[in-house]
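Asks: how would this look folded up:
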Amino acid sequence: MRTLYQFPLSHFCEKARWLLDYKELEYTAHNLMPGVHRAFAQLKTGQNKLPILRDGEQWIADSTQIALYLDEQYPEHALLRADADLRQQALEINELSVELGRHVRRWALSHVLKENEESLDILIGEKGYLRQFEKYSKPLIKALVSKGYQLDSDRVEHSKEAMQGIIEELNGRLIQHGCRYLVGDRLGLADIAVCSMLAPILEIAGTPWEKEHSDNLSEDFKAYKAYLTDLPLGQYVLRIYQTERNSRVDWRGV
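Replies: Got it, this is the predicted structure:
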């Protein structure tokens, strides 16, 4: 049985879940505690980040490496095209999405943890030892996340500027390609990568970032969400999630 070690709120883990779902592969999503996860990740993969996929005896870290591994081991429903030019375009956009994701993570987390304590409920899961000792785990996780992702105001502002530049570039690429997919004529790695990275801002239904009420969000967050929603890129992300995101496993994990 395959196991994806994850944080439910991580958009990089959402990307990995989507990759596995797209390949129609069975797996279990297993939650790790932020901060404490580093020792586990280092032991199993020699690095300290999630997501990590265990497939039999194989341990694969990093969402991009997971994508490449899945295409090699399970070629049906290919994420990358055989055509060399299309493959290179998809890999370039994927790399842009990785940089985008780092900045989205810092900017979005700074707002979410400041405005909405309910996000900590997602981080600790619905059951397990983190939930049993939530009185202690919630403040610990908040402190670990704030320190680990450097959520100070200067870095958050820098991330917003960098995020803006990448979004403008991706929006231009999408328009140039006709606004249906980013590469080629069907869903692939580029689309999954970009959509996953922008889902936290758009608060898409059926994802960890879905909100029933947005009253407690900052005006800055609301304004940027509205800006992104009005772009062709934002409309594309919403459409791809609605028509192409077929989840097979609950993102909340166990």
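Asks: just the helices in the stretch 1-150 of the chain please.
Replies: Taking DSSP state H, counting those that start in this stretch, the helices of the stretch 1-150 of the chain run over residues 11-22, 37-45, 63-73, 84-115, 119-124, 129-132, 134-148.
Asks: Stretch 240-254: end-to-end distance?
Replies: Length of stretch 240-254, first residue to last, C-alpha to C-alpha, to the nearest Å: 27 Å.
Asks: and it, which residues are buried?
Replies: 240, 241, 245, 249, 251, 253 (16 or more other C-beta atoms under 10 Å). C-beta coordinates here come from the backbone N, C-alpha and C atoms, glycine included.
Asks: okay, now residue 192: neighbour count?
Replies: By other C-beta atoms under 10 Å, the residues close to residue 192 number 28.
Asks: That one reaches residue 18, doesn't it?
Replies: Yes: using C-beta atoms under 8 Å, residue 192 is in contact with residue 18, at 4.9 Å.
Asks: Neighbours of residue 50, how many?
Replies: Residue 50 has 25 nearby residues by other C-beta under 10 Å.
Asks: which residues sit in contact with the residue lying closest to residue 205 once chain neighbours are set aside?
Replies: Sequence neighbours aside, residue 241 is the residue nearest to residue 205 in space, at 8.0 Å (criterion: C-beta to C-beta, 6 or more residues apart in numbering). Residue 241 makes contacts with 195, 199, 204, 205, 206, 207, as judged by C-beta atoms under 8 Å, 6 or more residues apart in numbering.
Asks: If you rank those residues by neighbours, which is first?
Replies: Most neighbours among the contacts of residue 241, by other C-beta under 10 Å: residue 195, with 28 neighbours.
Asks: Report the contact partners of that one.
Replies: If you count contacts by C-beta under 8 Å, 6+ apart, residue 195 has them with 18, 236, 237, 240, 241, 245.
Asks: got a markdown table for those residues, with pLDDT and secondary structure too?
Replies: Output for the contacts of residue 195, formatted as a markdown table (pLDDT from 0 to 100; DSSP: H, G, I helix; E, B strand; the rest coil):
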| residue | pLDDT | secondary structure |
| --- | --- | --- |
| 18 | 98 | helix |
| 236 | 98 | helix |
| 237 | 98 | helix |
| 240 | 98 | helix |
| 241 | 98 | helix |
| 245 | 97 | coil |
